[in-house]
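> structure for the following, please:
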Amino acid sequence: MKKFLLITILLNTAIFVQQLSNISAQSEASIPEGFVRINGGTFTMGSPASEAQRDGDETQHQVTVSSFFMGRHQVTQREYEEVMGTNPSHFKDSNLPVEQVSWFDAIEYCNRRSQLENLTPAYTVDGTNVTWNSQADGYRLPTEAEWEYACRAGTTTPFNTGNNITAAQANYDGNYPYNNNARSQHRQRTTPVGSFSANSWGLYDMHGNVSEWCWDWYWAYPRGEQTDPTGPDSGYTRVVRGGSWEDGGRYLRSAFRGGNNPSYRSFSSGFRLVRPIGLH
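Predicted coordinates:
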C-alpha cells in the first residue's frame, strides 16, 4: 500500500512538473522572436534635482505603464533592408544599427513589417499626419515613458549601469565623460548591436550607439501622475532617447530628453521596436 502511494505521489509530481514546464514553454513561445517582455509597473520618470548635469525638462513625476514587448536590439541594417529594400546607413554592416532614418522612415518600417507578418499596422499615414491605432497588433515605436521605464529597468541612478558609464559599457564619446569621471574610448562610429552587456531586463544599447526615435512629440512633462502617457497631440519635434556614439556621457542618461524634426536624418539616429501584449 505504501509503495502504491509513493508511486502515485511520484507520478503526480512528475505531471505537475511537466505542466509547469509546458506553461513556461507556452509563455516563452508567446514572446515574439528578438523581443523581451517588459512587465508593466509604476516608476519615477525624470531626474532628481540632485542629479549632475541634468536639464530643466526632466521634472520627476510618477508614471504607470502597461506591459509590452520591446526589441532586444536596435533595428539592424539587415532587418531594415529585408523590409524596405534599401539601406540608407552611413556605416555599412548588416549587424550594425540602421541609421540615417527619419521618424517617418521608422513609422513606414513599422507598418510594412506588420503587413509582411500579417499584423494590423499601428499607424495611419496621411501626408505628414500620422495617427496611432492603439488597438492594432502591429509593430510600433515606444512611447517616451515606455522607453525610459525599459531603459531604467528598475534603477533610479543616472544610468542603468549606476552613477557612471564608461566606453566598456556603451558606445559613446568617451572624451566627454559624465560628471568629470575619467576619459575613455571614442570609437567614432556605430558598433554591432549587442556588443555591450544588456541591462537587467535583457535590453541592449539603451545607452549609446544610436539615439532612438520615440512616438511622442517633445513637450514639457504634464503635472501629476500619469498612466500610459503618449505625449501631446501636436508639436514640432519628436522625442529621441538614449544618446549615440557621437554624444558625451550626460546625453546618455536615462532621463535625458532630446528632440528632432520628424524628417531629420542623421548617422547617429535609429530606432527600436515595440509590440503590444494581448493583441497578437
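
> give me the mean pLDDT for the top strand by length along the chain.
In the chain, assigned by DSSP state E, the strand with the most residues is strand 211-217. Averaged across strand 211-217, pLDDT comes to 98.

> list the strands paired with it, with their directions.
strand 238-241 (antiparallel), strand 269-270 (parallel) (DSSP bridges).

> just checking, Gly46 touches Phe256?
No: here Gly46 lies out of contact with Phe256, judged by CB atoms under 8 Å, at a distance of 10.3 Å. Glycine gets a C-beta too; all of them are placed from N, C-alpha and C.

> picking up where we left off before, with mean neighbour count, mean pLDDT and distance to Phe159 added, can I get the strands paired with strand 211-217 in CSV?
Converted to CSV, the strands paired with strand 211-217 look like this (neighbours: other CB atoms under 10 Å; pLDDT from 0 to 100; distance: least, CB to CB, whole Å):
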stretch, mean neighbour count, mean pLDDT, distance to Phe159
strand 238-241, 26, 98, 13
strand 269-270, 28, 98, 19
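
> circling back: can you give the contact residues for the longest strand of the chain?
The contact list for strand 211-217, computed with CB atoms under 8 Å, 6 or more residues apart in numbering, reads 74, 101, 103, 106, 132, 140-144, 147, 229-244, 247, 258, 268-272.

> may I have the distance across stretch 236-255, first residue to last?
Start-to-end span of stretch 236-255 (CA to CA, to the nearest Å) is 20 Å.

> that one: how far from the chain's middle?
13 Å (CA atoms, centre = their mean, to the nearest Å).

> how about stretch 191-199?
So, by CA atoms, centre = their mean, the centroid of stretch 191-199 is 13 Å from its chain's centroid.

> again, but for stretch 102-109
On CA atoms, centre = their mean, the centre of stretch 102-109 falls 16 Å from that of its chain.

> just the CA coordinates of that stretch, formatted as PDB?
Output in PDB follows, covering the C-alpha atoms of stretch 102-109 (Å, rounded to 0.1, in the frame of the first residue of the first chain):
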ATOM      1  CA  SER A 102      13.800  59.800 -40.100                       C
ATOM      2  CA  TRP A 103      10.900  59.300 -37.700                       C
ATOM      3  CA  PHE A 104       8.700  59.000 -40.800                       C
ATOM      4  CA  ASP A 105      11.000  56.200 -42.100                       C
ATOM      5  CA  ALA A 106      10.700  54.400 -38.800                       C
ATOM      6  CA  ILE A 107       6.900  54.700 -39.000                       C
ATOM      7  CA  GLU A 108       6.900  53.300 -42.500                       C
ATOM      8  CA  TYR A 109       9.100  50.400 -41.500                       C
END
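
> residues shared between the contacts of Gly46 and Phe256?
Common neighbours of Gly46 and Phe256 (criterion: CB under 8 Å, 6+ apart): Glu58.

> right, I'll leave it there.
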